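1. need a 3D model of the sequence below.
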Amino acid sequence: MAAPPRRDRLPRRRSDRLADLAAWAICVLALVALGAGVVVGLGVHRDLSARAEAEARDRTPLTVVVAHDVAVVPEAGGRIPADVRWTGPDGVERTGRTEVAAPRHAGDEVAAWVTADGRLVRAPLDGSEVLFVSLTSAGALLLLCGVAVAVLGRLAFAGVGRLRGAEWEREWAEVEPRWTGRASTG
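-> Numbers count the residues shown, from 1 in each chain. Okay, here's the model as predicted:
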């Protein structure tokens, strides 16, 4: 046999029930945002890992020679374009442009990457770049979703607060004349 309903609880106002509903909705939205961040991060990681593998298959490392002095010192860790030359597998000397860390002098050897048709390209993506972009993508999505959830929560609870204030005013208008002994003016 079911227990009788408890009578020792205070009746709940409509605003209290709406506040509970808003809190649950905000929690669900936050969980959905967290799930979306994980899914996006994993998807970006999968796609970039496949791209990194394809680039590693299609690109060959080689040593090239800097054709002209590169004296400009870029910002910390930066690289700048420089003219380079190298001998291809067919024995033909080739020239091109690739990014090098400055300063470099004419004749310095630097590492570069070429495609099967001899074009100079950037190095294939490595694991740290894939991880960085994946985490950054997921983090950016989580940040945007977090801001959206916070704004929605703030709006919802501001509305609940206005409703709660109106309910308290209405209840006070009913109770105040009896409590103070004054006659109702309404």
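
2. shaky segments in this protein?
-> Within the chain, the segments meeting pLDDT under 70 span 1-8, 10-11, 73-77, 183-186.

3. just give me the residue closest to the centre of it.
-> With distances taken as C-alpha atoms, centre = their mean, residue 140 lies nearest the centre of the chain, 1.7 Å away.

4. where does that one fall, secondary structure wise?
-> Residue 140 belongs to helix 127-180 when assigned by DSSP states H and E.

5. just give me how far that helix sits from the chain centre.
-> When C-alpha coordinates are averaged (C-alpha atoms, centre = their mean, to the nearest Å), helix 127-180 and its chain have centres 21 Å apart.

6. ditto for stretch 84-100
-> On the basis of C-alpha atoms, centre = their mean, stretch 84-100 sits 39 Å off its chain's mean C-alpha point.

7. pull the residues that contact it.
-> Under the criterion C-beta atoms under 8 Å, 6 or more residues apart in numbering, residues 62-67, 70, 79-83, 110, 112, 118-120, 122 lie in contact with stretch 84-100. For the C-beta atoms, the positions are set from N, CA and C on the backbone; glycine is no exception.

8. can you say which of the residues you listed are buried?
-> Neighbour counting by 16 or more other C-beta atoms under 10 Å classes 64-66, 70, 82-83, 110, 112, 120 among the contacts of stretch 84-100 as buried.

9. can I assume residue 45 is in contact with residue 131?
-> Yes - look at residue 45 against residue 131 with C-beta atoms under 8 Å: they come within range, at 7.3 Å.

10. ok, these two, which is more surrounded?
-> Of the pair residue 45 and residue 131, residue 45 is the one with more neighbours under other C-beta atoms under 10 Å, namely 17 against 14.

11. identify the residue nearest that one in space, chain neighbours excluded?
-> Leaving aside its chain neighbours, residue 45 sits nearest to residue 134 (3.9 Å; criterion: C-beta to C-beta, 6 or more residues apart in numbering).
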